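In: starting from these lines, generate the structure:
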Amino acid sequence: MVTATLETEGAFGAAEALKHVLAGVETLSPRTVHTALVICDFIQSMFKMAHASIQSGLCQGVEARAFAVKYEQAIVRLDEIRDIVGRLLAKVKGQRLPSLGEDLISRYEDLDSDLTRIRKFLLEAVQKAKMPTRAIDWERVREAEAAYSRGEMKPYRKSGT
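Out: Below you'll find the predicted structure:
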């Protein structure tokens, strides 16, 4: 899960760099478009890796409260990156763009939808992690133990594959 935080921070740094690259630019040159495309690819790959890392960590099991605290901040950072991407799209959609301009718009729209999907995933995971744990139903535990002792149940074993 440390890698997911690292990847999120790396992507945020790239988004900040993008913001600074585009800050004083009125019209996009081919070089600026190319730079923006490289940054887009970097951000997208970082979040794909972060998403996979988070899913893997969740499958292995995590402490719910620590997960919620850690990834609530990641959601805030995601919103900041989505804001930067949204401002870029708003800026370029009204301009005449050099070659690769349409590719720039298309790829940043894809990035925005990927960020929206990852945000939704994280938001749901954090909400579930914050839910209070259910009380143990001791009657059900006793019933399961009795069924096991009668041979009606077998312990679960992972397959070798």
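In: okay, CA-based contacts and neighbour counts for the rest of this
Out: Noted.
In: if you count neighbours, what's buried in the helix or strand hosting Arg65?
Out: In the assignment (DSSP states H and E), Arg65 maps to helix 64-93. By 16 or more other CA atoms under 10 Å, the buried positions in helix 64-93 come out as 64, 67-68, 71-72, 74-75, 77-78, 81-82, 84-85, 88-89, 92.
In: I'd like to know which elements the helix or strand just after it is packed against.
Out: Counting by DSSP H and E, the next helix or strand C-terminal to helix 64-93 is helix 101-130. Helix 101-130 is packed against helix 30-60, helix 64-93, with contacts defined by 3 or more CA pairs under 8 Å, 6 or more residues apart in numbering; DSSP states H and E.
In: output the below-cut-off pLDDT ranges for the chain.
Out: 1-6, 24-25, 98, 155-161 (pLDDT under 70).
In: what about Glu16, distance to Asp79?
Out: 13 Å (CA to CA, to the nearest Å).
In: ok, now Lys48?
Out: Taking CA to CA, one finds Lys48 at 16 Å from Asp79.
In: what about the residue nearest the centre of the chain, distance to Arg77?
Out: Nearest to the mean C-alpha position of the chain, counting by CA atoms, centre = their mean, stands Ile118 at 3.7 Å. To Arg77, Ile118 is 12 Å away according to CA to CA.
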